[in-house]
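would you be able to build a 3D model of this:
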Amino acid sequence: MRKRPLQTLRLVVVIAFLLLLPTQQILSQCGLGQSPSTAHPICGLGTFYKGVVSECIPRYIPAPGQSTCINHDPLKYLAAKPFWYRFTCYKSGTLGFLIEFNEAMDDYAFQLYDITGRNPEDVYTDTTLFVLGNWSTIKLGFVGTKERANLLFGCALPDVSAYNYMPDIIEGHDYVLLVNHTAAGPQGGYKITMQGGTANISDPKVPVLEKAQTSCAATLVRVKFSKKILCSSISPDGSDFKISDPSVSIIAASGSNSCHDGFETDTVTLTLGRGLPQGNYNLLIKNGSDNNTLLSSCLVSVAINSGISFNLAGDTKAAFNASNFVCPGDAIVFTNASEGNIVSWDWDFKNGQTSTEQSPPAQSYPHVSADRELQVRLAIRDADNCTDTAYQLVKLIYNCYIAVPSAFTPNGDGINDFLYPINAYKATGLTFRVFNRRGQLLFQTKDWTRKWNGSFRGDKQPVGVYVWLLDYTDDRNNKITKKGTTVLIR
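Okay, the predicted model is just below:
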């Protein structure tokens with residue numbers, strides 16, 4: 001009979017343990033901040049305090065090297081009383097922090113992950129996100145990182161150091177930090193002090209009002225900020241805001257749905273005492289009834305009297321997507337991208353055709369003797385009779401055959417001054433290069449509209465023959481390579 005590996009058997013024990021938990025505990029879902037995706041934002045140097053954390057469904061916390069711990073037992077690496085923190089690195093360096101227990105004989109473990117570009121929940125299954133961790137039960141009343149320490153992962157053993165080395169964190173990367181109460185008895189809470197490292201996790205940017213819009217009924221105004229603000233800093237009575245019309249009061253404010261399952265939001269909805277009449281308005285920030293303006297996770301205040309203008313265009317917005325050019329014989333598809341409760345669409349394609357369909361048929365255009373532009377229009381109307389109109393220029397191309405001129409005259413007279421692959425509208429993955437007769441690369445671009453002016457490093461090149469090489473993928477996904485010569489004439 002084939003034996004199962006010891007590690008597999010231990011994981012089976014963990015699963016069995018979870019299945020045998022009392023029903024009441026199984027139904028105890030982890031709350032806000034108790035999972036990586038709802039982690040509490042922290043920012044900058046300072047101290048962050050945490051009291052008792054509710055027990056919830058245990059999750060196994062894997063880590064590289066954990067299985068090599070003496071008498072390894074996966075049950076010692078369950079997060080049943082977890083709290084997660086999230087931060088971004090704004091300057092690369094080392095990360096220093098100290099977690100001090102309110103009760104010296106308590107036990108708290110930590111584990112740090114780099115979740116840049118990933119689903120935060122991946123930390124439970126992907127150990128490549130692991131940065132470092134410590135589950136030591138040495139009972140010194142603290143765990144953390146410090147200079148000259150060398151521990152990457154601390155096993156759940158009483159003779160393991162409470163200190164890990166200070167990890168290097170990277171500018172622009174996002175991180176989550178788990179702090180988990182591992183002791184069987186009551187918990188006394190802890191404080192985290194971010195100090196000692198050379199990295200910067202303080203966002204210097206001040207949140208500003210980026211957009212405000214309302215519907216035709218104009219009893220709600222939705223405000224968007226340039227970065228997220230703390231939900232707890234929003235005064236429910238709307239007193240953080242004022243509107244330029246003194247006859248209209250703001251009676252309530254609430255964060256978006258992210259305030260229900262997170263700590264931050266970039267969108268606030270304001271409820272007005274009555275609908276706004278037609279006109280333009282200014283929305284301004286002021287100190288609210290909670291004696292502060294709105295705050296970012298770094299506790300940076302939105303500036304008092306900063307504001308934004310808005311009108312009643314509101315949630316109804318006309319928009320469509322389409323290619324901005326059409327080659328001879330091709331059809332072009334116009335895709336509606338309007339926002340709001342739209343009930344009617346009025347298209348004018350400027351080719352003699354119109355449509356009232358939400359998704360109109362593809363449109364063809366006649367051949368032209370020279371390139372010219374048309375302005376396609378979409379007008380919409382919503383259920384509240386609000387209207388909006390969007391326009392887009394479409395260029396009718398005389399010739400889409402890709403070619404490179406056999407000669408050019410870079411003399412500044414505005415005629416044939418540049419060398420480039422003309423008409424490369426439909427080419428993708430394009431590279432255009434120019435060499436002199438000795439094979440020296442003089443010019444290279446991946447943008448066909450970027451043209452060679454006959455110079456190299458600021459020096460005008462002599463009259464003569466030059467070699468060009470053109471690689472691209474055509475609209476049928478064929479790889480094309482062309483090579484030729486051109487004459488530079490001055």
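
residue 179: which element?
Element membership for residue 179, per DSSP states H and E: strand 174-181.

ok, then the element right after that strand?
strand 190-194.

relative to strand 190-194, how tilted is the strand holding residue 179?
150 degrees (axes from the mean of the first three to the mean of the last three C-alpha atoms, to 10 degrees).

which strands and helices sit next to strand 174-181?
strand 82-88, strand 108-114 (3 or more C-beta pairs under 8 Å, 6 or more residues apart in numbering; DSSP states H and E). For the C-beta atoms, the positions are set from N, CA and C on the backbone; glycine is no exception.

any idea which of those gets closest to residue 416?
Ranking the helices and strands packed on strand 174-181 by their distance to residue 416 (criterion: C-beta to C-beta) puts strand 82-88 first, at 50.7 Å.

what does that closest one rub up against?
With contacts defined as C-beta atoms under 8 Å, 6 or more residues apart in numbering, strand 82-88 is touched by 30, 33-36, 38-43, 48, 50, 53, 56, 59, 120, 172-180, 192, 201, 203.

ok, stretch 402-416 next?
So stretch 402-416 is in contact with 417-424, 427, 432, 453-455, 460, 468, 470, 472, 482, 484-490, going by C-beta under 8 Å, 6+ apart.

ends of that stretch, how far apart?
Terminal residues of stretch 402-416 are spaced 16 Å apart (C-alpha to C-alpha, to the nearest Å).

show me which of the contacts of stretch 402-416 are buried.
419-424, 427, 432, 454, 468, 470, 472, 486, 488 (16 or more other C-beta atoms under 10 Å).

reformat these into CSV and put pLDDT, distance to residue 297 and secondary structure next to each item.
Formatted as CSV, these follow (pLDDT from 0 to 100; distance: C-beta to C-beta, whole Å; DSSP: H, G, I helix; E, B strand; the rest coil):
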residue, pLDDT, distance to residue 297, secondary structure
419, 97, 52, strand
420, 97, 48, coil
421, 96, 49, coil
422, 94, 51, strand
423, 93, 51, coil
424, 94, 46, coil
427, 94, 45, coil
432, 97, 46, strand
454, 96, 53, coil
468, 96, 53, strand
470, 97, 50, strand
472, 96, 46, strand
486, 97, 57, strand
488, 96, 58, strand
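
and the next helix or strand past the lowest-mean-pLDDT helix or strand in the chain?
In the chain, no helix or strand scores lower on mean pLDDT, DSSP states H and E than helix 23-26, which sits at a mean of 43. For helix 23-26, the succeeding helix or strand toward the C-terminus, using DSSP H and E, is strand 40-41.

counting by contacts, list what that next one packs against.
Counting by 3+ C-beta pairs under 8 Å, 6+ apart, strand 40-41 packs on strand 82-88.

need the contact list for residue 163.
134, 143, 144, 145, 146, 149, 151 are the contacts of residue 163 under C-beta under 8 Å, 6+ apart.

change it to 10 Å
98, 134, 136, 138, 140, 142-151, 154 (C-beta atoms under 10 Å, 6 or more residues apart in numbering).

mark which of those are part of strands, please.
98, 134, 142, 143, 144, 145, 146, 154 (DSSP state E).

residue 62: how many residues sit nearby?
For residue 62, the neighbour count with other C-beta atoms under 10 Å is 18.

isn't it up against residue 125?
Yes - using C-beta atoms under 10 Å as the test, residue 62 is close enough to residue 125 to be in contact (7.7 Å).

look up how far residue 32 lies from the closest residue in space to residue 86 that isn't next to it in sequence.
Distances taken as C-beta to C-beta, 6 or more residues apart in numbering place residue 39 nearest to residue 86, at 3.7 Å, with adjacent residues excluded. As judged by C-beta to C-beta, to the nearest Å, residue 39 and residue 32 stand 10 Å apart.

mind listing the shared neighbours of the two?
The contact sets of residue 39 and residue 32 overlap at 83, 84, 262, 263 (C-beta under 10 Å, 6+ apart).

picking that back up, given the strand holding residue 179, what are its sheet partners and their directions?
As defined by DSSP bridges, the strand partners of strand 174-181 come to strand 82-88 (antiparallel), strand 108-114 (antiparallel).

among the shared contacts of residue 39 and residue 32, which pair sits farthest apart?
83 and 262 (14.1 Å).

all good on my end, thank you.
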